[in-house]
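In: Sequence first, predicted model second:
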Amino acid sequence: MSVETQSERARPEPIRAVPVRHPGRWVAVAVIGVLVAMFVHLLVTNKAFNWSFMVDEMFRPPIVAGLRGTIALTLLAMLIGVGLGVVIAVMRLSANPILRGVAWGYTWFFRAVPRLVLAILFGNLGILWSRIEFGLPFDRQIGALFGIQDFEARLFGFSAVDILTGFVAGLLALGLSEAAYMAEIVRAGIQSVDEGQTEAAQALGMRRGQILRRIVLPQAMRVIIPPTGNETIAMLKDTSLVAFVPVSTELFFQLKAVGNRTFQVFPMLVAACLWYLLLTSVLLVGQYYLERHFARGHGRAGAARVKVRGLAAEAGGTTGEAVTR
Amino acid sequence: MTAPTGDTTTARTGERDVMVRAEQVHKSFGALEVLKGIDLEVRSGEVCCLLGPSGSGKSTFLRCINHLEKINAGRIRVDGELIGYRERGGKLHELRESEVAAQRRAIGMVFQRFNLFPHMTALQNVMEAPLRVRGEKKDVVRDRAAALLERVGLGDRLGAYPSQLSGGQQQRVAIARALAMQPKLMLFDEPTSALDPELVGEVLDVMKDLARDGMTMIVVTHEIGFAREVGDSLVFMDGGVVVESGVPREVIANPRHDRTKAFLAKVL
Ligand SMILES: Nc1ncnc2c1ncn2[C@@H]1O[C@H](COP(=O)(O)OP(=O)(O)OP(=O)(O)O)[C@@H](O)[C@H]1O
Ligand SMILES: [Mg+2]
């Protein structure tokens, strides 16, 4: 019966409703437009920017060497940070109370001391030792007990100045401190993986190390990578701290040096901003591909974004609207 | 006595065809005693169905058999071999992690929530353990894995990730994954209770097929029909003890204990 009545009735005309107006958006566009115009006006007319001078200077060999130093420091420090961070995270989650304690102590120390202080501290380690040697501790004292003068049991050693040159000291300060933060990130990642995964792997006869490498860490990566991207970007900027070690082959130090020498401080600060913007953009591209790689097997790549939109819709509107209001 | 392997000639004499023997197994979580002396014997090729109300300790007992849980008292032997320990000079010595792992290789386990590795395809899931644990050749493993997936009816979904498979398909991959290690014993912990009703049948069919092939199986299940049809023995657990056991048909038709009666009345 219902079918008949529906087919008999004429199809209603399509809805042509007046859409909801968003006057707030137009106001926002106008305000933003004016602000942008003011900013461009500033950039173009203010002589202090001295654009031609900036472009001339920002590609000079010392600057490019500094740029290379910054990139190398960032990558190497993150390498140390991630590698050591994984080790410390695993120690932190181990059943062995000694390992757990050591890992806790490490993160406690390196998170407590500011990076700037660490950089200066590592730069001055040469004060403690002129030579760095590895061997039996208290060897002279033990020798004295047995009546041997100047007994030394040292395996190998090197001059502190050789090894703790500015670059290595700066690298160690940044890398060791990063490891403490990375350890916490990796730990959260490992703990985010369902316990059933470990059990299934155990039931198959896999051993702890294999389970960690093959099953748990690859899944933890999805949780680990986004904050690690953050850490890398933060590290890129923190490399400027090694100027206090002191290390001079570093981007910001070099740009500032040019600024100070030529009394053109501001253009060089702008150049620094531009260089850091460029490097960060490159890192973001890398992060995108990494995230895509470790998202395999987890449905649509944009699932998270869809989820956020869904939440916004549930809350009664799109995120865009919330901003304009 | 070196690392435990399949052949334990000493213990085999006298109980040649006993695959699993549990004696007075006790297990506590802190103050909570979950298993209070379980005795159970499963012969080679037998399908043993484990029934019981929620919280009666069925999963815990199953997990004790492959040493995912450490028992507090009693003995569990699989194929004559003591699980998790070595008896020497009248004393029990804990096995090392590598030795426990070696024992688990002969015992397959299928979980209620599948626990497939989500970052691997169906084929990779099945190949993982033979490759990494036994270090077998890749093409040999691939052929066997593909054949196993074919056997559970998934020959055309080798490259699919778990998230792209239905629950029933995932559970069948999980069964193939366990079979890839060529176990002599399979443990199933409610393999169909996370599935939509119309998907239960396809998983039970695979299990029936396995039983016909002579696989020794311990199956925790609420599928009374499966227990009656496929099971060689039925064990009813409640409150951490075995209340009643026997031939499935008889126990289901004439339960002797009130607790069994009450439970069957609810699930039938
Ligand atoms: N890791 C654990 N820690 C503490 N208590 C636990 C743990 N695992 C299980 N239990 C407890 O042991 C008891 C038995 O649990 P078990 O999972 O073995 O029951 P079950 O018979 O499998 O029940 P179900 O049918 O609901 O799966 C429950 O009371 C449970 O709370
Ligand atoms: Mg259970």
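Out: In hand now; what should we look at? Ligands and ions are numbered 1, 2, ... in the order given.
In: dump the residue contacts of the residue of chain B most remote from its centre.
Out: Within chain B, the residue lying farthest from the chain centre (C-alpha atoms, centre = their mean) is residue B:89, at 31.2 Å. Going by C-beta atoms under 8 Å, 6 or more residues apart in numbering or on different chains, residue B:89 touches no other residue. In this view, the C-beta of every residue, glycine as well, is placed from N, C-alpha and C.
In: for the chain, which helix is longest?
Out: Answering for chain A, as no chain was given. helix A:61-92 (DSSP state H).
In: Sorry, I should have been clearer: chain B.
Out: helix B:197-212.
In: mean confidence score for that helix?
Out: Helix B:197-212 shows a mean pLDDT of 94.
In: What of stretch B:144-158?
Out: 95.
In: tally of neighbours for the residue in the stretch 1-150 of chain A positioned nearest to ligand 1?
Out: Distances between the stretch 1-150 of chain A and ligand 1 by C-beta to the nearest ligand atom are smallest at residue A:95, namely 15.4 Å. Using other C-beta atoms under 10 Å in any protein chain shown, the number of residues around residue A:95 comes to 7.
In: Assign it to helix, strand or coil.
Out: Assigned by DSSP: H, G, I helix; E, B strand; the rest coil, the conformation of residue A:95 is coil.
In: Regarding the residue of the stretch 1-150 of chain A found nearest chain B, what are the backbone dihedral angles?
Out: As assessed by C-beta to the nearest C-beta, chain B sits closest to residue A:95 within the stretch 1-150 of chain A, at 10.4 Å. Backbone geometry at residue A:95, expressed as degrees, to the nearest 10, gives phi -80, psi -10.
In: thinking again about what came up before, for the residue farthest from the centre of chain B, what are phi and psi?
Out: phi 60, psi 40.
In: Kindly report the same for residue B:193.
Out: Here is the backbone geometry of residue B:193 (degrees, to the nearest 10): phi -80, psi -10.
In: Residue A:25 now?
Out: phi -60, psi -40.
In: tally of neighbours for it?
Out: Quick note: residue A:25 (other C-beta under 10 Å) scores 14 neighbours.
In: Over to residue B:97?
Out: Neighbours of residue B:97 using other C-beta under 10 Å come to 12.
In: and what of residue A:87?
Out: Neighbours of residue A:87 using other C-beta under 10 Å come to 17.
In: quick one, what contacts it?
Out: Taking C-beta under 8 Å, 6+ apart, one finds nothing in contact with residue A:87.
In: Same check on the one 3 residues further on?
Out: Contacts here follow C-beta under 8 Å, 6+ apart; on that basis residue A:90 touches A:186, A:190, A:212.
In: for the nearest residue to the second one once chain neighbours are set aside, what are its contacts?
Out: Nearest-residue entry for residue A:190: residue A:220, 5.0 Å, with adjacent residues in sequence omitted and distances by C-beta to C-beta, 6 or more residues apart in numbering or on different chains. Going by C-beta under 8 Å, 6+ apart, residue A:220 touches A:186, A:189, A:190, A:192, A:193.
In: Now name the helix or strand holding the residue nearest the centre of chain A.
Out: The centroid of chain A falls nearest to residue A:231 when counting by C-alpha atoms, centre = their mean (1.6 Å). With elements taken from DSSP states H and E, the one containing residue A:231 is helix A:217-238.
In: Please save the CA atoms from the next helix or strand after that helix in CSV.
Out: The C-terminal neighbour of helix A:217-238 among helices and strands, as given by DSSP H and E, is helix A:251-262. Extracted C-alpha coordinates of helix A:251-262, given in CSV (Å, rounded to 0.1, in the frame of the first residue of the first chain):
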residue,chain,number,x,y,z
LEU,A,251,74.2,28.0,11.8
PHE,A,252,73.0,30.5,14.3
PHE,A,253,76.5,31.3,15.7
GLN,A,254,77.7,32.0,12.1
LEU,A,255,74.7,34.2,11.2
LYS,A,256,75.0,36.2,14.4
ALA,A,257,78.8,36.6,13.9
VAL,A,258,78.1,38.2,10.5
GLY,A,259,75.4,40.4,12.1
ASN,A,260,77.7,41.6,14.8
ARG,A,261,80.6,42.2,12.5
THR,A,262,78.6,44.2,9.9
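In: Pull out the buried residues from helix A:251-262.
Out: Residues of helix A:251-262 classed as buried: A:251, A:252, A:253, A:254, A:255, A:256, A:257, A:258, A:259 (neighbour count, 16 or more other C-beta atoms under 10 Å in any protein chain shown).
In: Let me see the mean pLDDT of the following helix or strand past it.
Out: Using DSSP H and E, the next helix or strand after helix A:251-262 towards the C-terminus is helix A:265-294. The pLDDT scores in helix A:265-294 average 90.
In: Which residues in helix A:265-294 does the neighbour count mark as buried?
Out: A:267-268, A:270-272, A:275-276, A:279, A:283, A:287, A:290-291, A:294.
In: For these, work out which two are farthest apart.
Out: Across those, the longest distance by C-beta to C-beta is 41.2 Å; it joins A:267 and A:294.
In: What parts of chain B come near chain A?
Out: B:66, B:68, B:97-98, B:101-102, B:104-105, B:107-109, B:111, B:113, B:115-121, B:128-129, B:132-133, B:161-164, B:174, B:177-178, B:181 (C-beta under 8 Å from any C-beta of the partner chain).
In: out of those, which are buried?
Out: B:66, B:68, B:101-102, B:104-105, B:107-109, B:111, B:113, B:115-121, B:128-129, B:132-133, B:161-162, B:174, B:177-178, B:181.
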